[in-house]
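Undergrad: Task: produce atomic coordinates for the following.
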Amino acid sequence: MAAAVALAKVSDEAEESVSLLCRFLGAPEMHVRAQASKSLAKIGPPARAAVPSIEAALADPEWAVRRDAATALGAIGDARATDSLRRIASDPVQDVRAAVEAALARLTRPAAPAAALLE
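TA: The predicted structure follows:
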């Protein structure tokens with residue numbers, strides 16, 4: 001899985017890597033599903049194509065997978081995920097709620113004006 005992340009960061013093969021990681025989101029093993037979300041989070045915005053698959057992982061029965069999926073959506077930064085994150089904002093597990101809150105903060109914060117970035 002680390003190879004897929006490295007490949008996505010440095011090559012034109014990002015689409016294949018993201019596709020492979022999306023398949024891992026459906027693995028029978030919880031740790032594989034969680035790691036797939038973590039890997040997509042490391043890829044960040046180039047993993048935008050994975051957003052629908054990661055959103056589906058927000059319904060996973062394992063809280064760690066839900067937490068890592070929320071974190072990945074925040075790291076990717078695609079505002080399309082806002083509604084999905086809001087739907088699980090009252091998850092019974094505090095770690096999931098904290099990850100959702102952090103992801104929503106990243107997705108809903110106003111962009112800095114270009115002039116401020118140049119200072």
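
Undergrad: Can you mark which positions in the helix or strand harbouring residue 82 are buried?
TA: Here residue 82, judged by DSSP states H and E, is contained in helix 82-87. Using 16 or more other C-beta atoms under 10 Å as the test for burial, helix 82-87 gives 84, 85. Any C-beta I mention is one placed from the backbone N, CA and C, and that applies to glycine too.

Undergrad: now do stretch 98-114
TA: For stretch 98-114, the neighbour count (16+ other C-beta under 10 Å) marks 99, 100, 103, 104, 107 as buried.

Undergrad: helix, strand or coil for residue 26?
TA: At residue 26 the chain is in coil, as set by DSSP: H, G, I helix; E, B strand; the rest coil.

Undergrad: Not including adjacent chain positions, what is the nearest residue to it?
TA: Counting by C-beta to C-beta, 6 or more residues apart in numbering, the nearest residue to residue 26 once its immediate chain neighbours are dropped is residue 33, at 7.3 Å.

Undergrad: show me what contacts the one you found?
TA: By C-beta atoms under 8 Å, 6 or more residues apart in numbering, residue 33 lies in contact with 24, 25, 26, 27, 57, 60, 62, 65.

Undergrad: Count residues in the vicinity of the fifth one, would you?
TA: Residue 57 has 25 neighbouring residues, counting by other C-beta atoms under 10 Å.

Undergrad: Thought residue 71 was touching it, still the case?
TA: No: judged on C-beta atoms under 8 Å, residue 57 makes no contact with residue 71 at a distance of 10.9 Å.

Undergrad: Right, I'll call it a day here.
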